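Asks: Here is my input, please return the structure:
(chains A and B)
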There are 2 protein chains.
Amino acid sequence: MKKILNSPQDFVRETVEGICLAYQGQVKMLNDDFRMLVRADNSRKKDKVGIVTAGGSGHLPVFLGYVGEGLLDGCAIGDVFASPSASKMADLIRACDSGKGVLCLYGNYGGDKMNFAMATEEVEFDDIKTSSVLVTDDIASSEDFAKRRGVAGMVYAFKIAGAAAELGYSLEEVATITKKALENIRTMGVALSPCIVPTVGEPTFTVDEGKMEIGMGIHGEAGIEIADIMKADDLAQLIFTKIDRELHLKSEDKISVLVNGLGATPLEELFVLYRKLVELCKSKNVSCVLPHIGEYATSMEMAGCSITIFKLDDECLKLLEYPALSPFYTNNNLF
Amino acid sequence: MKKILNSPQDFVRETVEGICLAYQGQVKMLNDDFRMLVRADNSRKKDKVGIVTAGGSGHLPVFLGYVGEGLLDGCAIGDVFASPSASKMADLIRACDSGKGVLCLYGNYGGDKMNFAMATEEVEFDDIKTSSVLVTDDIASSEDFAKRRGVAGMVYAFKIAGAAAELGYSLEEVATITKKALENIRTMGVALSPCIVPTVGEPTFTVDEGKMEIGMGIHGEAGIEIADIMKADDLAQLIFTKIDRELHLKSEDKISVLVNGLGATPLEELFVLYRKLVELCKSKNVSCVLPHIGEYATSMEMAGCSITIFKLDDECLKLLEYPALSPFYTNNNLF
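Replies: Predicted structure coming up:
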């Protein structure tokens, strides 16, 4: 196992400890179990809707990397590829409520759904209003929008919800705009090599030499097809076409593209893909603004990438442009 | 070859095209050969010393990723792991001179040295003053400081030189402070898996399962020892001790640590290392400020990491804190 760690059991805690040491001016733990991360200024109650998420570890910067100004207020942290518990989620919601309610914004995975359902029920007894929005952006995971998994598109969702909350939107309004954004966000990815869950110690699946798995999920969930590794331009075209079939991009539309590296894929390759995506957009007179290119939602050392397209209306563009700053995200270099 | 590209021959040009499309407000090419990147505002002559670098591709964000405000004014771009030509370097120097001279700041590699020597000689005929500072931070590459290779420590050198130039230092002063910074910067890395140069198509070296190569260079240059993969804490201790032997850290010293992923190593693992480094510093009453943790100088899909320690005096701390912004670097989230 080609990993730099101490023991698999301590991996998540030690990662989070390192993050808290590195960014102590920005984030902190709610208590010493290292399972709930909040903004360092959390105790100064803000007069705004709280935004929280939760999910398994192994996807940095997702999830906890987006706790910051104009983004998330808190994140509950699970083991690698495993949901955190409902009680941690409930404690987190309580800590992030300032009386205006809390949006629970997370990927459509069984464990997270079940635990957030319990957590939101639990905090009802404390008179905390919550609303839940599920991220279901992965078009390869199901034909049915509501059944899809949440992948890199959730970064855009965090950004939109976070900005809306900062701007004073009510809980209902934050939920509404986030859902509207998600209706215009689609992602598809490919995996070229597997990743290793530390406690397992070996790959949980394989991708043969010369092959890529189209549509594979960020935990190695089966994709829609195993294909020969194709040229970057063909891959960009394939994914763009599949996404466009749902977003129906037309002349003068504005989009933001997120080309996301899953872990082992060099940054260089992401820009080769972006170049082709801009060309495809130009041919439809669609303009690309605020590109996000890099590692935003990873699967540890998995090689591969995903492409997310976010079709923007004026409101979402304004929210995407709104300043945001976390240890792993800033948009001040995207203009 | 598990890469997402079109043809190996077009890889560098297409990468740079993508970068220019993504960050057109910030950077641009000097001409259409895609070999010289400058700041988008390059034509507005600034009244300051120019800072340029050059080097082979395959190390993003190094080198061209640091062209930006408070950092580099320009970068000449070579093929993967190959120096750009002297004539490109000379054209770049000319474009980045505002009459106050140009600092050529680059890693100690044969090709880059030879070509920069020719380029600086060439621009003398245009009455452009230049000064050259070589980055030699890799302690594993030689016992002799002057013979060492330049690796991730060059990011700190870019930052210091860029800030000094913005603050109005003269060419001689920029060179002097950059050299002084480099005397207090040391790096050591380990490789866990090889990388593949696109035109070669297969790994140029191997690292056996269960092994790591200590001190391996960012192009796969042989290290000092092949060892069993060790625990993160032991690795942090090993590198810290080797670097401390040269920097002689003492109580109340301030350092900045750069924990750099070489490509395939997950971000999570870098924070596990940082956690231990902070502990080691605490035991010596050394404080860690402005940590840089992430992928700063990569070797495409190589697994592994490097640790750089920068011992700061008041002047270097001020320069490290000075605002900087490029498509791949910002320090507004480090405080």
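Asks: Give the full set of residues in contact with the residue lying farthest from the centre of chain A.
Replies: Ranking residues of chain A by C-alpha distance from their mean position (Cα atoms, centre = their mean) puts A:F125 at the top, at 29.6 Å. Going by Cβ atoms under 8 Å, 6 or more residues apart in numbering or on different chains, A:F125 touches no other residue. Every residue, glycine included, has its C-beta placed from N, CA and C.
Asks: State the pLDDT value of it.
Replies: A:F125 is assigned 96 on the pLDDT scale.
Asks: likewise A:G261?
Replies: Note on A:G261: pLDDT of 98.
Asks: Is it in contact with A:E268, as I believe?
Replies: No: if you go by Cβ atoms under 8 Å, A:G261 and A:E268 don't touch, sitting 10.0 Å apart.
Asks: Who are the packing partners of the helix or strand encompassing A:I177?
Replies: Following DSSP states H and E, one finds A:I177 within helix A:171-183. Helices and strands touching helix A:171-183, by 3 or more Cβ pairs under 8 Å, 6 or more residues apart in numbering or on different chains; DSSP states H and E, are strand A:102-107, strand A:130-135, helix A:153-166, helix A:314-321.
Asks: Skip ahead from the last one and say which helix or strand is next.
Replies: The first helix or strand that comes after helix A:314-321 along the chain, using DSSP H and E, is strand A:325-326.
Asks: Whichever helix or strand comes after that following strand: how far from the chain's middle?
Replies: Using DSSP H and E, the helix or strand that follows strand A:325-326 in sequence is strand A:329-330. Centroid separation between strand A:329-330 and its chain, computed with Cα atoms, centre = their mean, to the nearest Å, is 13 Å.
Asks: So what are the sheet partners of strand A:329-330 and their directions?
Replies: In the sheet, strand A:329-330 lines up against strand A:325-326 (antiparallel) (DSSP bridges).
Asks: Which residues outside the partner strand are in contact with it?
Replies: Residues contacting strand A:325-326 (Cβ under 8 Å, 6+ apart): A:26-27, A:65-72, A:332, B:332-333.
Asks: Now the residue in the stretch 201-335 of chain A that chain B sits nearest to: which helix or strand?
Replies: In the stretch 201-335 of chain A, the residue that lies nearest chain B is A:F271 (3.0 Å; Cβ to the nearest Cβ). Using DSSP H and E, A:F271 sits within helix A:267-283.
Asks: Using PDB, write out every CA atom in that helix.
Replies: Listed next in PDB are the C-alpha coordinates belonging to helix A:267-283 (Å, rounded to 0.1, in the frame of the first residue of the first chain):
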ATOM      1  CA  LEU A 267      -3.100  19.100 -13.300                       C
ATOM      2  CA  GLU A 268      -1.700  19.500 -16.800                       C
ATOM      3  CA  GLU A 269      -4.200  17.000 -18.200                       C
ATOM      4  CA  LEU A 270      -7.100  18.900 -16.800                       C
ATOM      5  CA  PHE A 271      -6.100  22.000 -18.800                       C
ATOM      6  CA  VAL A 272      -5.900  19.900 -22.000                       C
ATOM      7  CA  LEU A 273      -9.500  19.000 -21.400                       C
ATOM      8  CA  TYR A 274     -10.600  22.500 -20.500                       C
ATOM      9  CA  ARG A 275      -9.100  23.800 -23.800                       C
ATOM     10  CA  LYS A 276     -11.300  21.400 -25.800                       C
ATOM     11  CA  LEU A 277     -14.400  22.300 -23.700                       C
ATOM     12  CA  VAL A 278     -14.000  26.000 -24.400                       C
ATOM     13  CA  GLU A 279     -13.700  25.100 -28.100                       C
ATOM     14  CA  LEU A 280     -16.900  23.100 -27.900                       C
ATOM     15  CA  CYS A 281     -18.700  25.900 -26.200                       C
ATOM     16  CA  LYS A 282     -17.500  28.500 -28.700                       C
ATOM     17  CA  SER A 283     -19.000  26.400 -31.500                       C
END
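Asks: strands paired with the helix or strand that it is followed by, and their directions?
Replies: Counting by DSSP H and E, the next helix or strand C-terminal to helix A:267-283 is strand A:287-288. Using DSSP bridges, the strands paired with strand A:287-288 in its sheet are strand A:254-261 (parallel).
Asks: Distance from the partner strand to the middle of the chain?
Replies: 13 Å.
Asks: and the angle from that strand to helix A:314-321?
Replies: In terms of direction (axes from the mean of the first three to the mean of the last three Cα atoms, to 10 degrees), strand A:254-261 departs from helix A:314-321 by 40 degrees.
Asks: ok so, going back, who's in contact with the helix holding A:I177?
Replies: The contact list for helix A:171-183 (Cβ under 8 Å, 6+ apart) reads A:49, A:51, A:100-103, A:105, A:129-131, A:133, A:135-137, A:153, A:156-157, A:160-161, A:164-165, A:169, A:310, A:315-316, A:319.
Asks: Buried residues, that helix. List them.
Replies: Neighbour-count burial for helix A:171-183, counted by 16 or more other Cβ atoms under 10 Å in any protein chain shown, picks out A:171, A:174-175, A:177-178, A:181-182.
Asks: What's the separation between A:A76 and chain B?
Replies: According to Cβ to the nearest Cβ, to the nearest Å, A:A76 stands 17 Å off from chain B.
Asks: And for that residue, the neighbour number?
Replies: 31 (other Cβ atoms under 10 Å in any protein chain shown).
Asks: cool, A:D33 as well?
Replies: By other Cβ under 10 Å, 12 other residues sit near A:D33.
Asks: how about A:R148, what does it touch?
Replies: Counted by Cβ under 8 Å, 6+ apart, A:R148 has contacts A:108, A:136-139, A:141-142.
Asks: whoops, I mixed them up, A:A86
Replies: Shown in contact with A:A86 (Cβ under 8 Å, 6+ apart): A:114-119, A:122.
Asks: Surely A:G201 is in a helix?
Replies: No: remark: A:G201 does not belong to a helix; assigned using DSSP: H, G, I helix; E, B strand; the rest coil, it is coil.
Asks: okay, now the nearest residue to it once chain neighbours are set aside: neighbour count?
Replies: Computed as Cβ to Cβ, 6 or more residues apart in numbering or on different chains, the closest residue to A:G201 that is not its neighbour in sequence is A:M1, at 5.1 Å. A count of neighbours around A:M1, defined by other Cβ under 10 Å, yields 15.
Asks: A:M1 against A:E202, yeah?
Replies: Yes: look at A:M1 against A:E202 with Cβ under 8 Å: they come within range, at 7.0 Å.
Asks: so A:V52, which of the three states?
Replies: Following three-state DSSP, A:V52 is assigned to strand.
Asks: Verify the stated contact: it with A:D112.
Replies: No: applying Cβ under 8 Å as the test, A:V52 and A:D112 come out as separate, 11.6 Å apart.
Asks: Tell me which of the two has more neighbours.
Replies: Taking other Cβ under 10 Å, A:V52 and A:D112 do not tie; A:V52 has more neighbours (28 against 25).
Asks: Report the contact partners of that one.
Replies: A:72-76, A:89, A:92-93, A:96, A:102-105.
Asks: from the residues you listed, which two are the most distant?
Replies: Greatest spatial distance among the contacts of A:V52 (Cβ to Cβ): A:A76 and A:L103, at 14.0 Å.
Asks: now A:S256: how far from A:K2?
Replies: Remark: distance between A:S256 and A:K2 (Cβ to Cβ, to the nearest Å) = 34 Å.
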